[in-house]
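Engineer: Please find the sequence and the predicted model below.
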Amino acid sequence: MGLKNNIKNSVKAFICGALIANLSVGAMISANAGSSNSSLVYNFSDYGHTYNAWNNMTTGSDSNGKYATAATSISCTTSVSGGTMGVQPRVYDSAGNLKTYGEWKYNSDGVSAMMFSQTYRIISGSPAFYSQGYVQVWMGTGYHMYGTYRTPNLNDYT
């Protein structure tokens, strides 16, 4: 029974976290966004908790020009104390060069999922970008940092 309940709780947390992150990303993207995609979900366990982490990349254009927005998300099977989970979104060009990254952001008390985004403004052309952020989880005496899976390259600015 214990394993079955753990799997069931993990699936519930993943679905809830994915919905929250995708709704949040959708809300932050302007109406004239070109396109978006997501990475595979990275699953890991640390300090008695099971986590899921993933990225979204959105490209588009608005009154300020072209942009590429990376969002990194993390969810946990249970609500956790403030500062337990952290995310840092990163935008890379298709050659793997880091273009911009966000500050580390940490969860509030009593939440089980969070997302943070960072936007890179493109000056000219239609280069491709991808998102591959980092997440951190508290281990009792310090943080463990994990890299996430990258999104596919994206360069649709229509």
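Structural biologist: Received it, and whenever you're ready, just let me know what you need.

Engineer: Where does pLDDT dip in this structure?
Structural biologist: Within the chain, the ranges that satisfy pLDDT under 70 run 1-34.

Engineer: again, only this time at 90
Structural biologist: For the chain, the stretches with pLDDT under 90 are 1-37, 39-40, 46-48, 122-124, 139-140, 156-158.

Engineer: element containing the spatially most central residue of it, please.
Structural biologist: The centroid of the chain falls nearest to residue 72 when counting by C-alpha atoms, centre = their mean (1.5 Å). In this assignment (DSSP states H and E), residue 72 forms part of strand 65-80.

Engineer: Spell out, range by range, the helices that occur in the protein.
Structural biologist: Taking DSSP state H, the helices of the chain run over residues 2-28.

Engineer: ok so, going back, what strands flank the strand holding residue 72, and is each parallel or antiparallel?
Structural biologist: strand 49-62 (antiparallel), strand 111-122 (antiparallel) (DSSP bridges).

Engineer: Compare those strands and report which one is nearest to residue 154.
Structural biologist: Ranking these by their distance to residue 154 (criterion: C-beta to C-beta) puts strand 49-62 first, at 5.0 Å. C-beta here means a position set from N, CA and C on the backbone, and glycine is covered the same way.
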